[in-house]
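Asker: Quick one: sequence plus predicted model below, questions after.
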Amino acid sequence: MLTSFKFYPGRQCKYAVCLLWIILCQWGCSSFKYSGGGRVESKYRNYYFNDRLKVGAVLYGDMDLSVGGGDKTKVIGISGAGRKVLARFGVRRSDSLLFASISSKYSVVGLIRNAATIKVNDFQQVIDRKDSYLMKTLNYKNREAYEGLIPLDSSRFLSIIDYADADRENAKEGFHTIMFNSFRRIKSGEALLAVLDPFEDADELFDEHGYLAPYKLALNKAMYKEQPLLNQALATYYSFSGDQESARKLEESFIGFKKETIKAKDLAPAAAAILRRTLNQKAVMFNTAHHRPEHAYFLGQLLDSLRHQGFTHLGLEGLADSSSAITYGFITQSDGFYTRDPELSNLISKAIALGFQLVSYDDDSENREHKQAENLVSKTFKKDKNARVVVLAGYAHIDEIASPKKMAAYFKDFTGIDPLTIDQTRLMTSECDELDSNYKDNAYVYLAGNLGSGMNILLWNNISLNNKPIGTNTGMPPVNVKVEFPVSLQLKAFQGVEMLYRKADFLTDSTAVPLHVKLVPADARNVTLNLYPGKYVLQILGDGKEVLYQQELVVK
């Protein structure tokens, strides 16, 4: 039986069994012994490692995790009922006990189990996108206990058993989180590596704190040795949270482009200049810096015209799986990593509404550039020779002359089509002091050459998203809507995050990526939104994603 789980926030014979129970009861608590050699690294989560056995796991940070080593070899706290649960799952004396968290809140143990002793057909396969593990559920003391299995090789499974002495809320969803996080580390070969990866840490903080994740990550920035990588992670998550200013302050530490001083005479309004060039193109490729939401925003402003010109497909490097987007017409937080950015999510929703076919083409293999191009072509021109394709890719993937070859060059080799390539990253740290302040908030084509970028057009995209209209432009002008917080909220000294959704999206799936996200400072008493007519849901979320305030807004 194949079972698929979707996640939302606020996813032998009786004699032998009896004999095994008796044996386990005779062992007593002191007879459960650790395999030895394991260690725990604690940060936002607890990470278990065992180099000798080549296994690792990812667990919650508030688990009081015990492992073997030195004189600490015996597990204490496993009750008689707990031993019975382990027996019913078929745990044997020969199985290697790795770790345990036995407390008033958790009853979780991790083991290595021999594949030959396990009836795999008794387990269900639990799937989340491309990841999966095996799961078995049994009832004990009017509660459910779970065992999850992750294959380590042909003869061994990592087994995690949660028999939940405490009646925890959302226990099953928490178990899925542990299993999938552990599976992904093992699958990627990172199970035994140090966990000081700021992107991984930020991802886990996002699960727990939502769009407040970068502000949590910044509290412990001194622990990271690779500060440029930390700054890149922070900038990316700041951009998801609508904090363009914080993201831009960090980018010089990890962006290798020379800062240019641009002359006004070398600039021309970008939209009109680009649309003249795209009229007869079969493929046009834009790039983006993943911490710069204005890049997706600018492409979104062109989509109506590109669709009118006859473009049929939108290829997105950051889209993990387009299926739910096509089904619902909007992006959820499980559709990808970079699609957590509201501006990229808005771009995708608009493309779907206009009739574009979405193409997810990215690849994480060693030959990524070649596979990206291959995937892109197989999903577009091999299916429809009359297709016309718009692509949004990261950084240098659209460089046509780089060595080794990038995706755009392979695309040209495969199709014979010379794509129009538009670079939004080369000039993103540059300035133009000659422009009047009223004109700086815009995107311009740079006319003085490509500065060795290997792309056809350079853009200086200096768009600020502050107070840009939010929602769908149906021809009616946007309206500034001021929302006063209630007195009960005003009395709290809090820092939260403002989340705005289309009402229909929110009611369909509460994990929809918001239309708009912005940090709410502790002293805020109201918020002003520039909204196109429509129906919306506004939430203020606090630490831990708790809902501090919610209101429906109808703009006419």
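Answerer: Great, that's in hand. Numbering: from 1, shown residues only.

Asker: In contact with residue 399, which residues are there?
Answerer: Going by C-beta atoms under 8 Å, 6 or more residues apart in numbering, residue 399 touches 406, 408, 409, 421, 453, 454, 455. (C-beta placed from N, C-alpha, C; glycine too.)

Asker: Next, give phi and psi for it.
Answerer: Phi and psi for residue 399, reported as degrees, to the nearest 10, are phi -70, psi 130.

Asker: Read off the pLDDT value for it.
Answerer: The model reports residue 399 with a pLDDT of 95.

Asker: try residue 23
Answerer: At residue 23, pLDDT is 41.

Asker: how many other residues sit next to the residue lying closest to residue 261 once chain neighbours are set aside?
Answerer: Of all residues not flanking residue 261 in the chain, residue 431 sits nearest, at 6.0 Å (C-beta to C-beta, 6 or more residues apart in numbering). Residue 431: 14 surrounding residues under other C-beta atoms under 10 Å.

Asker: Now do residue 431, the pLDDT please.
Answerer: Confidence at residue 431, expressed as pLDDT, is 91.

Asker: contacting residues around it?
Answerer: 259, 260, 261, 262.

Asker: Next, format the residues you listed as JSON lines and append distance to residue 520 and pLDDT.
Answerer: Listed next are the contacts of residue 431 as JSON lines, based on distance: C-beta to C-beta, whole Å; pLDDT from 0 to 100:
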{"residue": "259", "distance to residue 520": "33", "pLDDT": "81"}
{"residue": "260", "distance to residue 520": "36", "pLDDT": "81"}
{"residue": "261", "distance to residue 520": "36", "pLDDT": "89"}
{"residue": "262", "distance to residue 520": "35", "pLDDT": "91"}
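
Asker: Which single one of the residues you listed is nearest to residue 34?
Answerer: residue 259 (55.1 Å; C-beta to C-beta).

Asker: Any idea how far apart the tips of stretch 161-177 sit?
Answerer: End-to-end span of stretch 161-177 (C-alpha to C-alpha, to the nearest Å): 13 Å.

Asker: All further residue positions should be reported with the first residue as 44.
Answerer: Let's use 44 as the start, then, which means that last one is stretch 204-220.

Asker: Now it: average pLDDT?
Answerer: Mean predicted lDDT for stretch 204-220 stands at 77.

Asker: now swap in stretch 149-157 and tell me
Answerer: Per-residue scores along stretch 149-157 average to 92.

Asker: Output the below-cut-off pLDDT ranges for the stretch 344-493 of the chain.
Answerer: 364-366 (pLDDT under 70).

Asker: same thing with the stretch 94-243 of the chain?
Answerer: Across the stretch 94-243 of the chain (using pLDDT under 70), the flagged ranges come out as 111-120, 208-213, 234-239.

Asker: ok, which stretches of it are strands?
Answerer: 98-103, 109-110, 139-145, 150-157, 167-171, 174-183, 186-194, 199-205 (DSSP state E, counting those that start in this stretch).

Asker: tell me the angle of the fourth one relative to strand 199-205?
Answerer: Think strand 150-157. Between strand 150-157 and strand 199-205, the angle comes out at 160 degrees (axes from the mean of the first three to the mean of the last three C-alpha atoms, to 10 degrees).
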